[in-house]
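Asks: sequence and predicted structure, then a few things I'm wondering about:
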Amino acid sequence: MRPGYSETVVRPGAVAALALAAAVLGGVFALVVGDRTGLAGGSTETVFVQGRGTATPVERRLPEVTSKPLAGNAFDPAAIYRSRRSGVVTIYSFFDKEPPTEHAAQGSGFVISRAGDILTSAHVVTTAGESTRDPKAASRLFVAFDDNDRVAATLVGWDLNDDVAVLHVESKAHALEPVPLGNSARVVVGEPVAAMGSPFGNENSLAVGIVSATRRSIDSLTSEYTVPDAIQTDAPITHGNSGGPLFDARGRVIGINAQIRSDSGQAEGVGFAIPINAARRTFEQLTQNGRVSYAYVGVNAEDLTPSIARRFGYPVQRGAVVACVVDGGPGEKAGLRGGTQRKELNGLQVRLGGDVVVRIGNNTVQRADDLVRVVSEALAPGQVVQFTLLRNGKRLVVPVRLGERPARPAGGC
């Protein structure tokens, strides 16, 4: 059994070579320039998004988008490109150093409202791609449109957990053509997709492929937590694509291109996109509250599988086995219990003796990733939610008052 993941586990070590679509300094295509010609001056307002949280869920606000999905059900990459290219932008991030040299990074993004809101990856506009600790925002930001016109942008804020950032440009600075947002919860394996962006600085490039998998739990590039609901695709996501949109067949954004795993660091690896529903949540919280908060239980969990259940006498075949509980966390305060012994089964280490979570509120939990997904995506800090679990063969319902996810995972669990 592979270890499951709750919201407290630090990313596992010794993974295969990971060529993240961000390469150097959070940008994906780093370059050193000394000439400022053509770069208008601009200031960057940074809103750091990690701190104390709200006690209730935020009210959702969607950007006003007037563009419509493409008609029909056929996959027409040329039509997607024609209709969406005006809404896809190239982002240039400058991290000022000793003059006259500046370090710049380039990524992609897309317009989501006529007011000038733009979504991109956090690692494109901060140094979070280099280090997850104390990232620095770009000192200057510029957005280039498909007609090569470039305007100054400001940084509204960023979310390190899901690697999402929100930029703003003045609506009068350039004509804006927002792209429609889809529903990533409805994405299915095998459906065709189109990735747009500026790989290696080649603006307005299109790549096509299919959805290879959904609900992938992947290491976050910008935090020490995992992203529990990533979209895997074989559409090439190369350096410079980070922050660009992943479109479905009707030209709706279903994800933000984020990273690629590859043994060689080239585009033949496995690409991942942040689901647009997660990015939508980040946008809504940043624009309403100036920050993003995630609910937190304070446990690590592992998958309960049918083989484990049969071998060790569990009364259910699926669930999330609590492996350990963080001292002083919401889970411990609610009385959740972690594992007490380890066994080996089929070449895997299994933690036994802990509570088996099978439901959170009205949401079924069949694996450890489900626990993370429900808590982080459907709930909010301060909420009290009923955990249905099995303990010593008995079914219990335990109320848990959720906390706020700390900036870094707690040690000792």
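Replies: Nice, I can see it.
Asks: now do the helices in the stretch 151-300 of the chain.
Replies: 276-289 (DSSP state H, counting those that start in this stretch).
Asks: low-confidence ranges, it, go.
Replies: 262-269 (pLDDT under 70).
Asks: repeat that for 80
Replies: Counting by pLDDT under 80, the stretch 151-300 of the chain shows low-confidence ranges at 200-203, 239, 261-269.
Asks: can you pull out the strands in it?
Replies: Shown for the stretch 151-300 of the chain, the strands assigned by DSSP state E, counting those that start in this stretch span residues 164-168, 192-197, 205-219, 226-233, 245-247, 253-261, 270-275, 295-296, 299-304.
Asks: residues making contact with the second one?
Replies: When contacts are defined by CB atoms under 8 Å, 6 or more residues apart in numbering, strand 192-197 is touched by residues 75, 77, 80-81, 84-85, 88, 90, 107-108, 110, 204-211, 233, 235-237, 240-249, 254, 257, 271, 273. C-betas here are computed from N, CA, C, even on glycine.
Asks: still on that earlier bit, for the strands of the stretch 151-300 of the chain, which one sits closest to residue 371?
Replies: The minimum distance between residue 371 and the strands of the stretch 151-300 of the chain falls on strand 299-304, with 5.3 Å, by CB to CB.
Asks: quick check on the residue nearest the centre of the chain: phi, psi?
Replies: With distances taken as CA atoms, centre = their mean, the chain has residue 162 as the residue nearest its mean C-alpha position (2.8 Å). Phi and psi for residue 162, reported as degrees, to the nearest 10, are phi -110, psi 10.
Asks: residue 88 is in contact with residue 177, correct?
Replies: No. Using CB atoms under 8 Å, residue 177 and residue 88 do not qualify as a contacting pair, with a distance of 9.3 Å.
Asks: who touches the closest residue to the residue nearest to the centre of the chain other than its chain neighbours in this structure?
Replies: Using CB to CB, 6 or more residues apart in numbering and skipping residues adjacent in sequence, the residue nearest residue 162 is residue 278, 4.8 Å away. Shown here is residue 278, whose contacts under the criterion CB under 8 Å, 6+ apart are 162, 164, 184, 227, 229, 377.
Asks: and the gap between the residue nearest to the centre of the chain and residue 407?
Replies: When distances are taken as CB to CB, to the nearest Å, residue 162 and residue 407 turn out to be 14 Å apart.
Asks: against residue 136, how distant is the nearest residue to residue 198 once chain neighbours are set aside?
Replies: Beyond its immediate neighbours in the sequence, the residue positioned closest to residue 198 (CB to CB, 6+ apart) is residue 90, lying 4.3 Å away. Remark: distance between residue 90 and residue 136 (CB to CB) = 21 Å.
Asks: between the two, who's got more neighbours?
Replies: residue 90 (25 against 14; other CB atoms under 10 Å).
Asks: helix or strand for that one, which one?
Replies: Element membership for residue 90 (DSSP states H and E) is strand 88-96.
Asks: next, the angle from that strand to strand 205-219.
Replies: Regarding strand 88-96 and strand 205-219, their directions subtend 60 degrees when assessed with axes from the mean of the first three to the mean of the last three CA atoms, to 10 degrees.
Asks: quick one, helices of the stretch 301-413 of the chain?
Replies: Listed in chain order, the helices found in the stretch 301-413 of the chain under DSSP H, counting those that start in this stretch are 306-312, 330-334, 368-373.
Asks: taking the mean pLDDT, what do you get for the shortest one?
Replies: On average, the pLDDT along helix 330-334 is 97.
Asks: okay, buried residues for it please.
Replies: Buried residues in helix 330-334, counted by 16 or more other CB atoms under 10 Å: 330, 331, 332, 334.
Asks: closest to residue 369 among those?
Replies: Using CB to CB, residue 331 comes nearest to residue 369 of the buried residues of helix 330-334, at 17.0 Å.
Asks: so who does that closest one touch?
Replies: Contact criterion CB under 8 Å, 6+ apart gives 297, 298, 299, 322, 325, 400 as the residues in contact with residue 331.
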